[in-house]
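Give me the fold of what follows.
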Amino acid sequence: EMLLLNKKLRSSHPNIIRMYDVKSTGSTFYVILQLCSFSLARMPEDFVDFLHAGKGTTGELKDSNNKTRQTRKGKGKGKGVDSTTHAGSIVLAALVHDLLRAVAFLHDHHIMHCDIKVGNLLVSFNRSGKRHEYAPHHFHLAQLVVADFGVSRVFDDQHKDNTHDATATITITPSATDDPLRHIAGTESFMSPEILRLLEQQRELQQQGVPANMPQLSESVYVANDAFGCGCAIAFLCSRGLHPFGHHVFRSIPKNIAAYRRLSLTNMGIADERHIELVDKLTAKDPSVRWTPQQALDQSPLFDKTV
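Have a look, this model is predicted:
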């Protein structure tokens, strides 16, 4: 992670965590990173209320931690607020834009994050270029930052000018612990169906005593996996913390993803139809039609120069 942030990403991006310095004392390293206020997984309630003022529905669904959450019905002062022009909705759209811009930037540099999840997406109040403390009067300055590159993969970009990126491959080899499954890293609740199925196949082989033989995975497979994680994270952000595969009957989110038991997106309390479309396209079952983050930026009407 230190090498990636310091070498590969020397040119800073406002939506990617910044590493300022590395200090060492003996065998201990101290990494000085950009200070952020919280992750999407730990958003304070007043900030969530700000983002979703005037929106809501009712129902009981599962969040990304497989816990029951109640969605809300808009009432009181928020009732009747235009969900596309309210200040919180503008910030919400900006955070979605931040995420896709950051991941598209990584992919353009042949970097696959491999662990896009709400816990690795941080919020800082520095959209103006200066960091501000957490306070309601600074909510309009919220900016999303992608962090934690500990399991990221970097592809050779030597074919960038001559060959399509999808032809580049990476070989997954056994680790020092002789557990080849460690080389498909990430968080299963935000992995794509095709990656989860591959993991399950390899686990079954191990249980049968057959040595795992991990295939070569193309760069496009990792792009599609990151895109799927983005779709799940956007759903979480736009629905007050619900996971699109968090079913109240089938309780295992990874199993729901592998079997593609996705919730009805229109019943998740996502107010903006453009956000629903983003989640739908980014979490499509077929990776060949799933939007990449760059395709989402190019094709979604949400980004028609309004963010």
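
Can you pull out the low-pLDDT segments for the chain?
The model of the chain has pLDDT under 70 over residues 1-11, 54-85, 157-184, 211-214, 305-307.

residues touching the closest residue to Asn126 other than its chain neighbours, list them.
Leaving aside its sequence neighbours, Asn126 sits nearest to Gln143 (C-beta to C-beta, 6 or more residues apart in numbering; 5.7 Å). The way it works is simple: take the backbone N, C-alpha and C, and place the C-beta from them, glycine included. Neighbour list for Gln143: Pro14, Asn15, Ala94, Leu95, Asp98, Val123, Ser124, Phe125, Asn126, Arg127 [criterion: C-beta atoms under 8 Å, 6 or more residues apart in numbering].

which among these gets closest to Val31?
Ser124 (17.1 Å; C-beta to C-beta).

isn't that closest one right up against Gln34?
Yes - taking C-beta atoms under 8 Å as the definition, Ser124 is a contact partner of Gln34 at 7.0 Å.

what touches both of the two?
Shared contacts of Ser124 and Gln34, defined by C-beta under 8 Å, 6+ apart, comprise Val145.

if you go through the stretch 151-300 of the chain in chain order, where are the strands?
153-154, 169-171, 216-218 (DSSP state E, counting those that start in this stretch).

starting at the chain centroid, how far to the first one?
Put simply, strand 153-154 sits 17 Å off its chain's centre (C-alpha atoms, centre = their mean, to the nearest Å).

who are the neighbours of that strand, in terms of helices and strands?
strand 111-112 (3 or more C-beta pairs under 8 Å, 6 or more residues apart in numbering; DSSP states H and E).

For the strand it packs on, name the packing helices and strands.
strand 153-154, helix 219-238.

Can you lay out these as JSON lines showing distance to Phe105 and mean neighbour count?
Output for those, formatted as JSON lines (distance: least, C-beta to C-beta, whole Å; neighbours: other C-beta atoms under 10 Å):
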{"stretch": "strand 153-154", "distance to Phe105": "14", "mean neighbour count": "17"}
{"stretch": "helix 219-238", "distance to Phe105": "12", "mean neighbour count": "26"}
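
Reformat the ones you listed as a markdown table; add distance to Trp291.
Shown next, in a markdown table, are these (distance: least, C-beta to C-beta, whole Å):
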| stretch | distance to Trp291 |
| --- | --- |
| strand 153-154 | 21 |
| helix 219-238 | 6 |
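
Select, out of the ones you listed, the one closest to Asp21.
strand 153-154 (21.9 Å).

just to revisit the earlier point, okay, Ser124 and Gln34: which has more neighbours?
Ser124 (21 against 16; other C-beta atoms under 10 Å).

Any idea what that one is bridged to?
Note on Ser124: beta-bridge partners Gln143, judged by DSSP bridges.

From Ala235, how far off is it?
Relative to Ala235, Ser124 is positioned 22 Å away (C-beta to C-beta, to the nearest Å).

Ok, which of the helices and strands packed on strand 111-112 comes nearest Val48?
For these, the distance to Val48 is smallest for helix 219-238, at 9.3 Å, taking C-beta to C-beta.

which strands and helices sit next to the closest one?
For helix 219-238, the elements it packs on are helix 87-108, strand 111-112, strand 169-171, helix 193-207, helix 273-282, helix 293-299, judged by 3+ C-beta pairs under 8 Å, 6+ apart.

Deepest in the core, which of the ones you listed is it.
strand 111-112 (a mean of 23; mean count of other C-beta atoms under 10 Å).
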